[in-house]
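Undergrad: fold the stuff below for me.
(one chain, ligands or ions: 1)
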Amino acid sequence: MNKNSWHSALIALAVLLVGAGCKTQSTMMTTVYLNDNWTFRQQGQTNWMAAVIPGTVHTDLIANGKISDPFFRTNEKDLQWIDKANWEYQTSFEVDEDFLAHQSIDLECLGLDTYADVYLNDSLVFLADNFFLSWEKEVKKWLKPGKNHLRILFHSPTQMGLHKLEELGYALPATNDQSELGGMGDKRVSVFLRKPGYHFGWDWGPRLVSSGISRPIRLKAWNHLKLTDVFFQQNSLSDEKAALTARCNVSSTSDEEGLLQIWYRDTLLASQTVALQVGENEFHVPFSIAHPQRWWTKELGTPFLYELSAKLSFRRELCDEQSHRIGLRSIRVVQTPDEKGSSFYLELNGQPIFSKGANYIPNDIFQTRVTEDNYRQVVASAVDANMNLLRVWGGGFYEEDFFYELCDENGILVWQDFMFACSMYPGDVAFLRSVEQEAVYNVKRLRNHPCIALWCGNNEIDVAWAQYQEFSGWGWKQQYNNQQRKDIWQAYDAIFHKTLPTVVGAYHPGAFYWPSSPYAKPGTHATNNTPSGDIHYWGVWHAEHPFTAYYDNIGRYMSEYGFQSFPEWKTVESYTTPQDWDIESEVMAAHQRSGIGNLRIRSYMQQHYQTPNDFRNLLYVGQLLQAEGIKMAIEAHRSAMPYCMGSLYWQINDVWPVASWSSTDYFQRWKAVHYFVKKSFAPVITTALITDGQLKLKVVSDRREAAEGKLSLRLVDFSGQVRWEKDTTVQIPANTALEMMSLPVAEIADSNLAKLCVLVAELKEKEQLVFRNLVYLVAPKKLLLPKNVLVQQEIFPTPEGFLIRLTSAFLAKNVYLETSKEQEGLFSDNYFDLLPGETVEVRFRPKNISGKLPLQAIDLTITSLEKTY
Ligand code: BMA
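TA: Next up, the predicted model:
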């Protein structure tokens with residue numbers, strides 16, 4: 001959430017509320033936000049500096065000019081002292097007698113990172129120790145009329161972790177924790193803290209372990225009643241009626257009657273008198289909605305939302321209310337045994353859906369500076385690329401409400417991991433209790449969102465530890481003696497097989513829980529082609545399998561696979577100086593966190609492309625390489641429908657500017673792969689695979705109805721001559737894949753012609769083009785591309801931006817359109833092949849760069865593949 005927008009909105013509210021004064025014994029809740037006037041300092045130092053709330057120590061130090069941009073060059077390395085220190089934050093605020101006259105006043109800290117001692121007027125009110133929780137304490141007795149003082153001491157998270165490591169007496173696996181960079185040798189402490197794993201580094205992320213107030217702080221003053229939680233639980237759903245129960249939690253200061261009402265906008269749906277008892281109460285109010293409109297993903301319909309409110313009155317006066325936008329839908333994960341194993345797919349409102357999407361990580365290493373606009377853009381990028389699901393991965397954090405609201409609005413389903421990834425965790429009572437509280441809090445916070453499709457225990461831990469197969473896994477088990485192995489597994493078993501499923505069952509009844517990703521079935525572990533559950537296939541990349549291996553390693557649901565690329569030039573420029581412009585330079589290496597990253601990019605590039613002639617072209621060709629790889633993966637997965645019913649590549653976003661598997665970079669610029677993904681996730685596609693001299697063409701459709709179409713194949717040489725062609729009538733099946741044609745490549749072109757031509761495969765329906773796939777019969781490096789191709793451009797202003805018309809007499813392969821930083825925007829297509837003699841129209845939508853006049857013109861730089869060698 002953008003700090004500034006929190007600020008203005010919240011200050012306004014606070015002034016309004018305090019200024020207005022509150023009548024003694026008024027029934028309505030009064031809320032005062034305390035996000036203003038904060039200062040901070042390193043403990044032990046005298047100088048207090050301005051702080052922004054929500055925020056982090058790092059961002060506050062940047063704003064005060066005390067440290068330089070951690071993303072620039074290798075600055076990150078010099079900032080590792082910050083997590084070894086304790087930090088203090090303080091503010092003062094005023095309350096008046098009227099405010100203090102309320103029966104109860106709660107201090108709510110919606111997020112603290114992480115070990116925080118909270119003092120009000122020098123009295124310790126509570127100790128926080130879990131990033132993923134919110135904290136609430138009745139504080140009336142410590143408040144006084146006039147000026148009050150709130151101080152929060154953040155203990156060094158790494159020092160806290162070291163104590164815990166020492167207590168346990170042995171290290172736990174934490175593969176991605178970059179403790180060496182942090183000056184901590186092999187002491188990996190991330191697993192002992194309930195704090196986002198990625199703060200400690202990842203194979204795409206820096207190690208910047210911050211502290212701070214991560215979500216707003218407020219005081220809630222109330223009399224008689226407080227509505228603490230409302231869950232609109234859906235019991236049944238048909239065309240005629242949706243039956244629901246509003247499960248309402250209420251705190252009360254008296255044993256009296258209250259009135260609970262459920263409203264849909266101005267319509268009263270239910271009204272119930274409730275018998276309150278002092279303390280915590282739970283009431284269930286049944287209600288129904290006639291002729292409900294369902295919530296759908298966009299390819300199937302409209303993600304319709306109902307805004308429902310629960311209103312609680314006492315002695316005929318409204319005391320408190322909560323509203324949630326909910327969606328009426330049934331969703332389940334279908335695992336039906338079949339001759340090969342078991343299916344694994346999502347069924348939304350009775351419709352089986354192929355999950356098209358990506359893995360999602362946080363949008364910044366410093367989460368508090370992610371703006372609402374950033375959230376809008378990342379979700380829009382998913383929608384634009386025809387996705388219907390994002391997986392919120394377990395090494396980050398349970399996202400902000402705003403993210404889930406956007407997913408609700410846009411028909412994007414969410415695979416929600418609990419926050420555990422690639423590590424083993426302690427199993428002591430305090431840790432397990434904290435995990436349980438965190439799970440309860442987040443399940444309750446997110447369960448009203450229709451986008452939540454399933455809950456998953458963790459990322460990759462089941463396969464990494466591999467309890468049931470001695471010589472499988474990541475070699476972790478073998479590092480421990482028998483007792484330690486037993487204890488470590490017991491902790492795993494307690495969290496992922498007991499606590500988390502129990503919490504989901506109790507607080508989100510009917511929701512699906514999956515212990516780990518990937519996961520096969522109890523007592524076994526997922527492999528690269530298990531016939532049940534989900535799969536992370538990393539043979540391409542880690543094991544250097546060729547791209548075609550995507551066709552040989554397909555499971556029921558491909559929840560991870562990926563290939564790296566460098567970000568585009570503008571992004572690289574943001575963190576480098578000219579001396580760094582070599583991928584092996586110290587600075588580029590600091591922004592490449594996968595040890596094998598450059599090696600893999602180079603070796604795959606050698607197989608597919610001519611060696612690029614300079615640094616900028618290397619970045620561009622690297623993006624094409626990633627795009628072709630992921631295109632092949634998606635086509636492989638979709639063309640294996642209905643056996644395979646999901647394809648989520650790793651990963652849609654970045655936490656800083658870096659070489660990574662992302663498809664949009666830290667600045668949310670689309671890489672080549674994102675444009676390719678958009679096409680490969682289109683509702684109807686054709687796929688092409690050449691193996692052993694045979695070309696196999698398939699059609700894949702997500703539509704619910706079958707149709708007839710025409711497949712037209714044209715072999716076009718690079719100057720536009722048609723050298724071979726074939727047309728055939730084909731069936732476009734409903735929600736599955738079907739082979740259209742299989743023929744020997746030799747029938748289309750001999751080995752010489754193959755280097756000079758592209759096979760244009762077009763699927764038409766009633767003469768309308770549905771999908772076009774361009775199939776090259778040899779690898780790009782073997783193509784005899786025409787040199788010095790001139791792409792002619794015409795640019796016209798439009799209400800939304802510009803229309804760019806491009807044409808070329810010869811094939812221009814992977815036309816890359818670029819504008820300067822000052823003219824940033826999004827192209828409707830990019831990195832595409834411009835066929836000889838064809839005219840292509842691309843729309844350009846400029847980004848709203850605040851304070852800048854609308855663009856009058858754009859300067860385009862055009863690159864194409866033949867210019868890179
Ligand atoms: C997957 C993820 C991440 C990792 C990525 C790339 O396994 O779960 O842990 O960043 O691979 O290696």
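Undergrad: wait, what's in contact with the closest residue in space to residue 453 that isn't next to it in sequence?
TA: Counting by CB to CB, 6 or more residues apart in numbering, the nearest residue to residue 453 once its immediate chain neighbours are dropped is residue 413, at 4.2 Å. All C-beta spots, glycine's among them, are computed from the backbone N, C-alpha and C. Residue 413 makes contacts with 297, 331, 346, 348, 355, 357, 388-390, 407, 451-453, as judged by CB atoms under 8 Å, 6 or more residues apart in numbering.
Undergrad: from these, which land in strands?
TA: Under the assignment DSSP state E, those contribute 331, 346, 348, 355, 357, 389, 390, 452, 453 to strands.
Undergrad: identify the bridge partners of the fourth one.
TA: Meaning residue 355. Here residue 355 sits in beta bridges with residue 646, as judged by DSSP bridges.
Undergrad: neighbours of residue 734, how many?
TA: Residues near residue 734, counting by other CB atoms under 10 Å, number 12.
Undergrad: what about it, which SS state?
TA: At residue 734 the chain is in coil, as set by DSSP: H, G, I helix; E, B strand; the rest coil.
Undergrad: and it, how far from residue 350?
TA: Using CB to CB, to the nearest Å, we find residue 734 at a distance of 14 Å from residue 350.
Undergrad: distance of residue 753 from the ligand?
TA: Per CB to the nearest ligand atom, to the nearest Å, residue 753 is found 40 Å from the ligand.
Undergrad: so that residue touches residue 723, yeah?
TA: Yes - Residue 753 is in contact with residue 723 according to CB atoms under 8 Å; the separation is 6.3 Å.
Undergrad: mutual contacts of the two, please.
TA: Common neighbours of residue 753 and residue 723 (CB under 8 Å, 6+ apart) are 715, 717.
Undergrad: so residue 415, which state does it fall into?
TA: Per three-state DSSP, residue 415 ends up strand.
Undergrad: wouldn't it be in contact with residue 456 here?
TA: Yes - counting by CB under 8 Å, residue 456 is a contact partner of residue 415 at 6.3 Å.
Undergrad: so which of the ones in strands among the contacts of residue 413 is the closest to residue 471?
TA: In terms of CB to CB, no member of these lies closer to residue 471 than residue 355, at 32.1 Å.
Undergrad: spit out the contact partners of the closest one.
TA: 345, 346, 388, 389, 413, 415, 557, 645, 646, 647, 648.
Undergrad: can you redo the residues you listed as JSON lines with distance to residue 861 and pLDDT?
TA: What follows is the contacts of residue 355, written out as JSON lines (distance: CB to CB, whole Å; pLDDT from 0 to 100):
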{"residue": "345", "distance to residue 861": "44", "pLDDT": "98"}
{"residue": "346", "distance to residue 861": "42", "pLDDT": "98"}
{"residue": "388", "distance to residue 861": "34", "pLDDT": "98"}
{"residue": "389", "distance to residue 861": "35", "pLDDT": "98"}
{"residue": "413", "distance to residue 861": "38", "pLDDT": "98"}
{"residue": "415", "distance to residue 861": "38", "pLDDT": "98"}
{"residue": "557", "distance to residue 861": "41", "pLDDT": "98"}
{"residue": "645", "distance to residue 861": "41", "pLDDT": "98"}
{"residue": "646", "distance to residue 861": "38", "pLDDT": "98"}
{"residue": "647", "distance to residue 861": "33", "pLDDT": "98"}
{"residue": "648", "distance to residue 861": "33", "pLDDT": "98"}
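Undergrad: out of those residues, which one sits closest to the ligand?
TA: The shortest approach to the ligand among the contacts of residue 355 belongs to residue 648, at 10.9 Å (CB to the nearest ligand atom).
Undergrad: isn't the closest one right next to residue 360, touching?
TA: No - taking contacts as CB under 8 Å, residue 648 lies outside contact range of residue 360: 9.2 Å.
Undergrad: could you check the pLDDT of residue 315?
TA: Model confidence at residue 315, given as pLDDT, is 89.
Undergrad: how near is the nearest residue to it once chain neighbours are set aside to residue 314?
TA: Distance criterion CB to CB, 6+ apart; nearest residue to residue 315, sequence neighbours excluded, is residue 27 at 7.1 Å. Here the criterion is CB to CB. By it, residue 27 lies 6 Å from residue 314.
Undergrad: who touches both of those two?
TA: Contacts common to residue 27 and residue 314, judged by CB under 8 Å, 6+ apart, are 224, 225.
Undergrad: how about the contacts made by residue 546?
TA: Contacts of residue 546 (CB under 8 Å, 6+ apart): 540, 607.
Undergrad: then residue 343?
TA: Applying CB under 8 Å, 6+ apart, the residues near residue 343 are 334, 335, 336, 556, 642, 645.
Undergrad: repeat for residue 70
TA: For residue 70, the contact set (CB under 8 Å, 6+ apart) comprises 58, 62, 76, 79, 206, 208, 365.
Undergrad: also residue 675?
TA: Per CB under 8 Å, 6+ apart, neighbours of residue 675: 627, 827, 829, 830, 831, 832.
Undergrad: likewise for residue 485?
TA: Counting by CB under 8 Å, 6+ apart, residue 485 makes contact with residue 477.
Undergrad: what's the pLDDT at the residue of the stretch 201-350 of the chain found nearest the ligand?
TA: The ligand sits closest to residue 203 of the stretch 201-350 of the chain, with a gap of 4.7 Å, by CB to the nearest ligand atom. With respect to pLDDT, residue 203 has a value of 98.
Undergrad: roughly how far does residue 706 sit from residue 730?
TA: From residue 706 over to residue 730 the distance is 11 Å, taken as CB to CB.
Undergrad: for residue 518, that is, sorry about that
TA: 34 Å.
Undergrad: likewise for residue 458?
TA: Per CB to CB, residue 458 is found 43 Å from residue 730.
Undergrad: and which of the contacts of residue 355 is nearest residue 593?
TA: The closest of the contacts of residue 355 to residue 593 turns out to be residue 648 (CB to CB; 21.3 Å).
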